[in-house]
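Peer 1: Sequence and predicted structure are below.
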Amino acid sequence: MISYFKAVISLLAAVLLAASCNDPTGAIIPDDHGLGWGLALADAVRDSEFPEGVLFMVSCIDINDEGEPETAIPWQFYFAETSDSTSVLIVMVQYIGTTNYLWEDSTSVPLGQLPDYDDAGPWVSAARDSMGAAYSDWEEYALVVKGNEYPEFPLVLNVAVLQFMSPDSTGQLSAIINSDNNSVLGLIEY
């Protein structure tokens, strides 16, 4: 019985040690992984690499109910100069708070600039409220925030498109949200 108790205590100690907010490299993993946190880190890179760049798109390939990336998933921030539509700086903010970036050439950079959003959680909540109980077990998995390209919403400047997947992965649903006032513009099920 004592060896079983020691095994349980050892396992508990290992779990607590793993959850102590350190990654294998010794970096301290932050508690907050929200959009404002990621944008502040991305802005620092933009300031040093591309000071004239403005934010025109944000994406995350796997987001949770709180509007934060799932463990080990980065935020991606896209910057361009509004007068030059060929150079795009993409800053990836890793889950542990480190950043890396790459340059991309593009001919389709939108001319609009996104506001400094602080929190993606309200977009997830708005989508969940609009979807209702029939979709309560669907998982959100991807988020893109950008200037509005939907002609059916001519008075909307910016949108957050949040994608959901059915539990058996056979169905998908996109929630199109006015990212400036958190109102759901439409739901599209595939």
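Peer 2: Here it is on my side, so go on.

Peer 1: so what secondary structure elements neighbour the host helix or strand of V124?
Peer 2: Using DSSP states H and E, V124 falls within helix 121-131. Counting contacts by 3 or more Cβ pairs under 8 Å, 6 or more residues apart in numbering; DSSP states H and E, helix 121-131 is packed against strand 139-147, strand 158-165, strand 172-178, strand 183-189. Where you see a C-beta, it was placed from the backbone N, CA and C, and this is true even at glycine.

Peer 1: if we go to 7 Å?
Peer 2: When contacts are defined as 3 or more Cβ pairs under 7 Å, 6 or more residues apart in numbering; DSSP states H and E, helix 121-131 sits against strand 158-165, strand 172-178, strand 183-189.

Peer 1: and for it, what are the contacting residues?
Peer 2: Contacts to helix 121-131, defined as Cβ atoms under 7 Å, 6 or more residues apart in numbering, come from residues 65-67, 140, 160, 162, 173, 175, 177, 179, 182-184, 187.

Peer 1: tell me the mean pLDDT over it?
Peer 2: For helix 121-131, mean pLDDT rounds to 97.

Peer 1: Compute the inter-axis angle for it and strand 183-189.
Peer 2: 60 degrees (axes from the mean of the first three to the mean of the last three Cα atoms, to 10 degrees).

Peer 1: Work out the gap between helix 121-131 and the centre of the chain.
Peer 2: In terms of Cα atoms, centre = their mean, to the nearest Å, the centre of helix 121-131 is found 14 Å from the chain centre.

Peer 1: Counting neighbours, which bits of that helix end up buried?
Peer 2: Using 16 or more other Cβ atoms under 10 Å as the burial criterion, the residues of helix 121-131 that qualify are 121-124, 126-128, 131.

Peer 1: swap in stretch 105-124?
Peer 2: Buried residues in stretch 105-124 (16+ other Cβ under 10 Å): 109-110, 113-114, 117, 120-124.

Peer 1: Now do the contacts for the nearest residue to I177 once chain neighbours are set aside.
Peer 2: Closest residue to I177 apart from its sequence neighbours, by Cβ to Cβ, 6 or more residues apart in numbering: A160 at 4.5 Å. When contacts are counted by Cβ under 7 Å, 6+ apart, A160 is found next to 123, 143, 145, 177, 179.

Peer 1: repeat that for 6 Å
Peer 2: A160 makes contact with 123, 145, 177, 179, according to Cβ atoms under 6 Å, 6 or more residues apart in numbering.

Peer 1: Grab the two from those that are most spread out in space.
Peer 2: The most widely separated members of the contacts of A160 are V145 and I177, with 9.1 Å between them, by Cβ to Cβ.

Peer 1: Those two: who's more crowded?
Peer 2: Using other Cβ atoms under 10 Å as the criterion, V145 and I177 rank with I177 on top: 28 against 25.

Peer 1: separation between that one and S106?
Peer 2: 25 Å (Cβ to Cβ, to the nearest Å).

Peer 1: And for T170?
Peer 2: Distance of T170 to S106, computed by Cβ to Cβ: 33 Å.

Peer 1: Kind regards, and thank you for your time.
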